[in-house]
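A.B. asks: have a look at this prediction, sequence included:
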Amino acid sequence: MGAGSQASDDLFRWFCIESGSLDNPSVILIHGFPSQSFGFSDKPQPKYGFDYTLDEYVSSFGSLMNELVTDKVSLVVQCYFSPVVVKYASSHQEKLKDLILLNPPDPLRASDKALTSCGPYKMKEEDAMVYRRPYLTSGSSGFALNAINRSMKKELKKYVEEMRTVLMDKDWKVQTTICWGERDRWLSYDGVEDFCKGSNHKLLKLPMAGHHVQEDCGEELGQVVDGILSRRIN
């Protein structure tokens, strides 16, 4: 963004890719924090219109939904963005068909160890560099990452607790599925089964996937998502 990253503005760009047929049900796939989309989305410096708080992300995600969604939509959300989406959805259940959460968080451990050693294998250094590149080629990406880390350390625990409360509330009507990569070395599986039983949400385990479910077992996850949505359609 260059100088534009320091300019206060009411509008910021979210990078997204549209694919598929308009005749099919709408699905929005959302990566967790932090993600390589920083290479394409706007990344203003903190104090210049966006401070990377989770409340700001809820508001911004709502604006994105208003722009993209004209009918009910299904959401597939990975990891640390799950509490943000659930916070938004708690006030907009009428807009959602299904909610699919991929390894939603409980503990917070923020570093790029999640890139290299949280799956069923150790990611090759050259592959990890694909994720790190935006932070190495632009100072604004680094500012954004640091701001997110500070915000999450302050707010994530509260947001995760609120997410659990919302998903267990009797007034929560959105069909919800938890997909869990069993080889996640980053987030603990402890309590996940009990939570799903207590909240009456479906739990689907992917034995060969790690923390980055969509990266480790993308084809299998695609089949899982298709199966969930197909049952809802029929």
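C.D. replies: Thanks, I have it.
A.B. asks: grab the nearest non-local neighbour of residue 209.
C.D. replies: residue 181 (3.1 Å; C-beta to C-beta, 6 or more residues apart in numbering). C-betas here are computed from N, CA, C, even on glycine.
A.B. asks: need the pLDDT of that neighbour.
C.D. replies: Note on residue 181: pLDDT of 90.
A.B. asks: now the helix ranked longest in the chain: buried residues?
C.D. replies: If you go by DSSP state H, the chain has its longest helix at helix 139-168. Residues of helix 139-168 classed as buried: 140-141, 143-145, 147-149, 151-152, 155-156, 159-160, 163-164, 166-167 (neighbour count, 16 or more other C-beta atoms under 10 Å).
A.B. asks: whichever helix or strand comes after that helix versus helix 139-168: what angle between them?
C.D. replies: Next helix or strand after helix 139-168 toward the C-terminus (DSSP states H and E): strand 175-181. Interaxial angle, strand 175-181 versus helix 139-168 (axes from the mean of the first three to the mean of the last three C-alpha atoms, to 10 degrees): 120 degrees.
A.B. asks: can you give me the buried ones in strand 175-181?
C.D. replies: Counting neighbours by 16+ other C-beta under 10 Å, strand 175-181 gives 175-181 as buried.
A.B. asks: can you redo these as CSV with distance to residue 75?
C.D. replies: CSV is the format used below for the buried residues of strand 175-181 (distance: C-beta to C-beta, whole Å):
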residue, distance to residue 75
175, 11
176, 10
177, 11
178, 13
179, 13
180, 17
181, 18
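A.B. asks: out of the residues you listed, who's nearest residue 79?
C.D. replies: In terms of C-beta to C-beta, no member of those lies closer to residue 79 than residue 181, at 10.1 Å.
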